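Asks: predicted model follows, preceded by the sequence.
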Amino acid sequence: MNALTLVFASILIFALAYRFYGIFMAQKVLRLNDAVATPAVEFADGHDYVKTDRKVLFGHHFAAIAAAGPLVGPVLAAQFGYLPGALWILIGCVLGGGVHDMVVLFASVRHKGQSLATIASKEIGRVVGGTAAICVLSDFGHVVDAACLYRHVPKMVSVV
């Protein structure tokens, strides 16, 4: 398999996931409603709550979901070959990252722009909220640790 095949397969997977899986999540699972005002509109104060152009929001969300892929993907590729890295990016972005970002953004909008830790505290309990805050803060540290670790681990046999 050459790189061009992988690029076309990736584009196809992302396009199909966006077209069908994203719409399924929005309409059937989350039941999004355009009539509900977002916190940026409802609490507009020019500082914390500011209505933003959708192209700017797309850039922010694209950067957020793409952040771990370039860090973890090369680590997997260095240890196991390029196929696990490519699968990590494809499956992780569609099923993990895309759904996670969409659900957390939806929950934040429905809870007046609150953070994930605050939502967990209100809905589940203070212990879970505190744990969520610690996990969110330490998550990036784990990804950075994994990216630094691959330089000290000998390359394992490729599965490809």
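Replies: Alright, I've got the coordinates. Numbers count the residues shown, from 1 in each chain.
Asks: state the pLDDT value of the residue nearest in space to the middle of the chain.
Replies: For the chain, G97 is the residue whose C-alpha lies nearest the centre (CA atoms, centre = their mean; 3.0 Å). Note on G97: pLDDT of 74.
Asks: ok, it to S115 distance?
Replies: With the distance defined as CB to CB, to the nearest Å, G97 ends up 18 Å from S115. Using the backbone N, CA and C atoms, a C-beta is placed for each residue, glycine as well.
Asks: ok, now F43?
Replies: Distance from F43 to S115, by CB to CB: 15 Å.
Asks: can you check S108 too?
Replies: 7 Å.
Asks: again, but for R19
Replies: R19 is 31 Å from S115, by CB to CB.
Asks: ditto for L105
Replies: Separation of L105 from S115 (CB to CB) stands at 12 Å.
Asks: equivalent analysis for L32, please.
Replies: 20 Å.
Asks: and S10, by the same measure?
Replies: 32 Å.
Asks: circling back: higher neighbour count, R19 and S115?
Replies: S115 (15 against 10; other CB atoms under 10 Å).
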